[in-house]
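*Asks:* turn this into a model:
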Amino acid sequence: MKNKQPIISVIIPIYNVDKYLKKCIESIINQTYVNLEIFLVDDGSTDRCSQICDEYEKKDDRIIAIHKTNGGQGSARNVALDRITGDNILFVDADDYLDLGAIDLLVKTAEITKADIICFGYILSNGIRDVSHFCEEFSFDTDIEAIKNFICNHNITPMMWTKFFKSELFENLRFPTELRKSEDRYIMPELLSRSQKTIGIKDCLYHQNARMGSLERSPFSKKDLDAILCEKHIADYIIENYPRLKNDVLAFDINAMASCAVKILVTHRFLQNRLLFHSLINQIRETYICLSKEYGYSIEFNDKVKYVVKHQTITIIPHFFLIGCFRKIKNICKKMIIIIKKALP
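*Replies:* Here you go, the predicted model:
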């Protein structure tokens, strides 16, 4: 007798993406693997997303449309997690889409490898060209291996939509609703700690749409500080449960602060956020000095941290130069105006 096919729960949080939503849903309902339950969670959209969800729910009995007041991506995912009955979970953002054979490949891989988490690659599209981001092949049979790989920014990325999860990993675990960014990263260490086996496959199964309105590509705002709160949470969790990884996770913390500082510059928000910027740079410096004193000059540790600091410094210096030039030009112009005014009769 044939084994019953596992049910796969696909969770799609939706907010004001009616231009892209149909393509996303079509890529799910037309999967070669059909034993799905598909949650379309409309998170208080003000465009046509709500109507589109209802239309598809009537067309396909595998679709469950949920409408809620706006609470953010984490909140929308949590509503679906409370209702899933599937054996595995796949998260898809509403402006992206899947290869049509993606779920079939993931189910077969899970059956063969017995992995609790499968990481895979994705294709980033900006409307002009596609860039493939391959996932390295790996296999971790212990939680500490997987977590160290994650916090050292090697193969395991924080994005939920490049992972295929066993549903039981989310038992009594939900996304934080107080954050509007970095919800994925926030719970990833705990998911990895629950996984008996985490693997990576090279296949690029997911298509990410690099649109300017998305959270990841929007200008700097106070929401970006959620990333720092997230890293503090991760540091506390890992130091408590995996003290051997303390230096690695604090270096990870440095990277979050540095990335936030760089975003202030590259999105031209320095003048509005200069106090915050200087505060971040001071925290980076203090954390780095503290770690250097505490852990000495281990090659593995220092090379990693120095790379982070050097990388962010290289990005920051040109902006300081440009800001300095701008101020000099501005002062020269002011002096010229004063001289011209004095010269006028």
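
*Asks:* so Lys246 is in which element?
*Replies:* helix 246-266 (DSSP states H and E).

*Asks:* give me the neighbour count for Thr46.
*Replies:* Using other C-beta atoms under 10 Å, Thr46 has 10 neighbouring residues. Backbone N, C-alpha and C define where each C-beta goes, glycine included.

*Asks:* mind checking pLDDT for it?
*Replies:* The score at Thr46 is 97. That number is its pLDDT.

*Asks:* what's the closest non-adjacent residue to it?
*Replies:* The shortest distance from Thr46 to any non-neighbouring residue, by C-beta to C-beta, 6 or more residues apart in numbering, is to Asn16 (6.2 Å).

*Asks:* and the chain, what are its domains?
*Replies:* Domain assignment for the chain by automatic domain parsing gives 8-216, 219-332.

*Asks:* let me see the ranges of the helices in the protein.
*Replies:* Counting by DSSP state H, the chain has these helices, from start to end: 18-29, 49-59, 73-81, 102-113, 143-151, 183-194, 226-241, 246-266, 274-295, 299-343.

*Asks:* show me where pLDDT drops low in the chain?
*Replies:* 1-3, 153, 211-222, 255, 265-271, 288-345 (pLDDT under 70).

*Asks:* in the longest strand that it contains, what counts as buried?
*Replies:* With secondary structure taken from DSSP state E, the chain has its longest strand at strand 198-209. Applying a neighbour-count criterion of 16 or more other C-beta atoms under 10 Å, one finds Thr198, Ile199, Gly200, Ile201, Asp203, Cys204, Leu205, Tyr206, His207, Gln208, Asn209 buried in strand 198-209.

*Asks:* what's the answer for stretch 175-188, then?
*Replies:* So for stretch 175-188, counting by 16+ other C-beta under 10 Å, buried means Phe175, Pro176, Leu179, Arg180, Lys181, Ser182, Glu183, Asp184, Arg185, Tyr186, Ile187, Met188.

*Asks:* farthest-separated two in these?
*Replies:* Using C-beta to C-beta, the buried residues of stretch 175-188 span at most 17.2 Å, a distance reached by Arg180 and Met188.

*Asks:* state the distance from the residue nearest to Glu183 when sequence neighbours are not counted to Tyr33.
*Replies:* In space, and not counting its chain neighbours, Glu183 is closest to Gly74: 3.9 Å by C-beta to C-beta, 6+ apart. Distance of Gly74 to Tyr33, given as C-beta to C-beta, to the nearest Å: 27 Å.

*Asks:* those two: which is more packed in?
*Replies:* Using other C-beta under 10 Å, the more surrounded residue of Gly74 and Tyr33 is Gly74, with 22 against 17.
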